[in-house]
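Colleague: Please find the sequence and the predicted model below.
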Amino acid sequence: MSHSLTSVFQKIDTLKPQFFSRLTKAIQIPAVSSDESLRPKVFDKAKFISEQLSQSGFHDIKMVDLGIQPPPISTPNLSLPPVILSRFGDDPSKKTVLVYGHYDVQPAQLEDGWDTEPFKLVIDEAKGIMKGRGVTDDTGPLLSWINVVDAFKASGQEFPVNLVTCFEGMEESGSLKLDELIKKEANGYFKGVDAVCISDNYWLGTKKPVLTYGLRGCNYYQTIIEGPSADLHSGIFGGVVAEPMIDLMQVLGSLVDSRGKILIDGIDEMVAPLTEKEKALYKDIEFSVEELNAATGSKTSLYDKKEDILMHRWRYPSLSIHGVEGAFSAQGAKTVIPAKVFGKFSIRTVPDMDSEKLTSLVQKHCDAKFKSLNSPNKCRTELIHDGAYWVSDPFNAQFTAAKKATKLVYGVDPDFTREGGSIPITLTFQDALNTSVLLLPMGRGDDGAHSINEKLDISNFVGGMKTMAAYLQYYSESPEN
């Protein structure tokens, strides 16, 4: 290890209390982008992060206004959270790396089943974990880029690259209008960017680090069924009127079976066939059904073989039903017939699925199923947002630097993986900036990013920052981009 990295790593260790404090303050802000009533909190978190950037010596900090959120929304003239752009360094002789992260988080309430208040960071050094909403997705990794800058400064070592940030507040709600901003700034604020690095995903399992070169896309839909003009009393109207909720359950139940097979005609034919060369990539990846069971806290895997699990997680589409809006969902009993209900579901897309064609197939299927019910209610299915799948070259300069950095910190070569999750903006960065994108995970596969008791192992927090620092150093020394 070079002297510069040795001293930077030492500072990451000694500055850990400062980094814990920064993360604690950020986690306590409930920046839930999907909850319109919490939109002011998302703005509060953007302000906090901007202040942290300023304190750490970043310059040219811009809080870019994206305007009003487009429908469907309940709150008129709802402002989108700002995108935070900033720079650290502007040396033309150095490579320029853009780091992306998001400061919004998934919804979380204590009554969901959390052991502790979700928006209060719990640091359990005895167990080696931190717990709180956003700690691994993506507040912890986002702040870590700022922490790395602090560590370099504290060590007296020259920062190896020019760093540009692009931190958004709507990733958990579709990254609305971010595509347009990136394209607009490709020859503006982002001009001269040599590489993009994103830390918004996870190790495949719990023991071995990975680098990620592919992601599934995501098309999010809602089926709306409406009947009566207002909610009705089931004792008076039950059995007399057509109930939207009953219709919706039948439509949703027609989309996918209990073994995960999508039942919409035409989808299987869009999926790129599995080649022997691709199949061989799965052989040496370290993963087991036991690790999957540990991550889910159950024995509900649909597959027993590692290869089958990973292929259905990465290279085959999936359909998930997420919830119903408009129906009674609180504790207790309420004998109401809801007048209008919204069924939410998504399809994770893979090569070579076309979003427009997929939406047409989904709408055709839902319309046909509803028609077969002979219901007098009204039904329509609409696309809420979509994001394309992404695949990169795992052997370019970025991945080579990240592999070397990972080996330095963790003592093993990382597995090269694809992922089942979606970061739609990855493809936009790649295409609009005409550059490579690296996914450099910090957390583990059992972090529970969108679930209760979201956590990040302290060793991953510290090791992740060291990996980020070494990646930037090694990439700066690479002969190519």
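Modeller: Received the coordinates, thanks. Fair warning: this is a prediction, and the values are worked out from it, not measured in the lab.

Colleague: Show me where this protein has its helices.
Modeller: 3-14, 16-27, 39-55, 139-155, 178-185, 234-237, 244-253, 276-280, 289-296, 306-314, 355-372, 397-410, 425-432, 458-477 (DSSP state H).

Colleague: Can you name every helix or strand that the second one contacts?
Modeller: Read it as helix 16-27. Packing partners of helix 16-27 (3 or more C-beta pairs under 8 Å, 6 or more residues apart in numbering; DSSP states H and E): helix 39-55, helix 139-155, helix 458-477. The way it works is simple: take the backbone N, C-alpha and C, and place the C-beta from them, glycine included.

Colleague: now for those helices, which one comes closest to residue 14?
Modeller: helix 139-155 (7.9 Å; C-beta to C-beta).

Colleague: was I right about residue 410 contacting residue 209?
Modeller: Yes: contact criterion C-beta atoms under 8 Å: residue 410 and residue 209 qualify, at 5.1 Å.

Colleague: residues shared between the contacts of these two?
Modeller: residue 467 (C-beta atoms under 8 Å, 6 or more residues apart in numbering).

Colleague: out of these two, which sits in the more crowded spot?
Modeller: Each of residue 410 and residue 209 has its neighbours counted (other C-beta atoms under 10 Å); residue 209 has more, 27 against 17.

Colleague: Show the contacting residues for that one.
Modeller: With C-beta under 8 Å, 6+ apart, residue 209 has these contacts: 203, 406, 409-410, 412, 414-415, 441, 467.

Colleague: Could you identify the buried members of the residues you listed?
Modeller: Using 16 or more other C-beta atoms under 10 Å as the burial test, these include 203, 406, 409-410, 414-415, 441, 467 as buried.

Colleague: In CSV, list these along with pLDDT and distance to residue 27.
Modeller: Listed next are these as CSV, based on pLDDT from 0 to 100; distance: C-beta to C-beta, whole Å:
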residue, pLDDT, distance to residue 27
203, 92, 21
406, 97, 26
409, 98, 24
410, 97, 26
414, 92, 28
415, 90, 29
441, 96, 19
467, 98, 22
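
Colleague: now, which of these sits nearest residue 180?
Modeller: Using C-beta to C-beta, these come closest to residue 180 at residue 441, 27.7 Å.

Colleague: so what's the closest one up against?
Modeller: Applying C-beta under 8 Å, 6+ apart, the residues near residue 441 are 199, 201-203, 209-212, 464.

Colleague: do residue 277 as well
Modeller: Contacts of residue 277 by C-beta under 8 Å, 6+ apart: none found.

Colleague: Please tell me how far it sits from residue 132.
Modeller: Distance, residue 277 to residue 132, using C-beta to C-beta, to the nearest Å: 42 Å.

Colleague: just residue 123 next, same as before
Modeller: For residue 123 relative to residue 132 (C-beta to C-beta), the value is 9 Å.

Colleague: Dump the helices of the chain into CSV; add distance to residue 99 as well.
Modeller: CSV is the format used below for the helices of the chain (distance: least, C-beta to C-beta, whole Å):
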stretch, distance to residue 99
helix 3-14, 17
helix 16-27, 16
helix 39-55, 12
helix 139-155, 5
helix 178-185, 14
helix 234-237, 54
helix 244-253, 39
helix 276-280, 30
helix 289-296, 27
helix 306-314, 24
helix 355-372, 27
helix 397-410, 12
helix 425-432, 11
helix 458-477, 8
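
Colleague: For residue 446, find the nearest of those.
Modeller: Relative to residue 446, the nearest member of those by C-beta to C-beta is helix 289-296, separated by 4.3 Å.

Colleague: list the helices and strands the closest one packs on?
Modeller: Using 3+ C-beta pairs under 8 Å, 6+ apart as the test, helix 289-296 ends up in contact with helix 306-314.

Colleague: Please state the offset of the helix it packs on from the chain centre?
Modeller: Counting by C-alpha atoms, centre = their mean, to the nearest Å, helix 306-314 is centred 19 Å from the centre of its parent chain.

Colleague: List the buried residues for that helix?
Modeller: 306, 309-314.

Colleague: In this model residue 227 seems to touch residue 248, though I could be wrong.
Modeller: No: applying C-beta under 8 Å, one finds residue 248 not in contact with residue 227, separated by 10.5 Å.

Colleague: Who does the nearest residue to residue 59 once chain neighbours are set aside form a beta bridge with?
Modeller: Excluding the flanking residues, the one nearest residue 59 by C-beta to C-beta, 6 or more residues apart in numbering is residue 87, at 5.6 Å. Residue 87 has these beta-bridge partners by DSSP bridges: residue 59, residue 164.

Colleague: hmm, back to that, of the helices and strands packed on helix 16-27, give the one that comes closest to residue 297.
Modeller: helix 458-477 (19.1 Å).

Colleague: which secondary structure elements does that closest one contact?
Modeller: Using 3+ C-beta pairs under 8 Å, 6+ apart: helix 458-477 touches helix 3-14, helix 16-27, strand 129-131, helix 139-155, strand 195-198, helix 397-410.

Colleague: would you list the ones you listed in JSON lines and tack on distance to residue 53?
Modeller: Listed next are the helices and strands packed on helix 458-477 as JSON lines, based on distance: least, C-beta to C-beta, whole Å:
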{"stretch": "helix 3-14", "distance to residue 53": "18"}
{"stretch": "helix 16-27", "distance to residue 53": "11"}
{"stretch": "strand 129-131", "distance to residue 53": "22"}
{"stretch": "helix 139-155", "distance to residue 53": "6"}
{"stretch": "strand 195-198", "distance to residue 53": "17"}
{"stretch": "helix 397-410", "distance to residue 53": "23"}
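
Colleague: out of these, nearest to residue 363?
Modeller: strand 195-198 (31.9 Å).

Colleague: then the closest one to PDB, C-alphas only?
Modeller: This file holds the C-alpha atoms of strand 195-198, laid out as PDB (Å, rounded to 0.1, in the frame of the first residue of the first chain):
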ATOM      1  CA  ALA A 195     -16.100   8.300 -15.100                       C
ATOM      2  CA  VAL A 196     -19.200   7.900 -13.000                       C
ATOM      3  CA  CYS A 197     -19.300   6.000  -9.700                       C
ATOM      4  CA  ILE A 198     -22.500   5.000  -7.900                       C
END
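
Colleague: who does that strand pair up with?
Modeller: Partners of strand 195-198, by DSSP bridges, with direction: strand 96-102 (parallel), strand 436-439 (parallel).

Colleague: Need those in CSV (columns: mean pLDDT and distance to residue 329).
Modeller: Shown next, in CSV, are the strands paired with strand 195-198 (pLDDT from 0 to 100; distance: least, C-beta to C-beta, whole Å):
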stretch, mean pLDDT, distance to residue 329
strand 96-102, 98, 27
strand 436-439, 96, 35
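
Colleague: Between these, which one is closest to residue 137.
Modeller: strand 96-102 (8.5 Å).

Colleague: Can you dump the C-alpha atoms of the closest one in PDB for me?
Modeller: Output of strand 96-102 as PDB, limited to C-alpha atoms (Å, rounded to 0.1, in the frame of the first residue of the first chain):
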ATOM      1  CA  THR A  96     -12.700  13.900 -13.100                       C
ATOM      2  CA  VAL A  97     -15.000  11.400 -11.400                       C
ATOM      3  CA  LEU A  98     -18.700  12.100 -10.900                       C
ATOM      4  CA  VAL A  99     -20.300  10.400  -7.900                       C
ATOM      5  CA  TYR A 100     -24.000   9.900  -7.700                       C
ATOM      6  CA  GLY A 101     -26.200   9.300  -4.700                       C
ATOM      7  CA  HIS A 102     -29.700   9.900  -3.400                       C
END
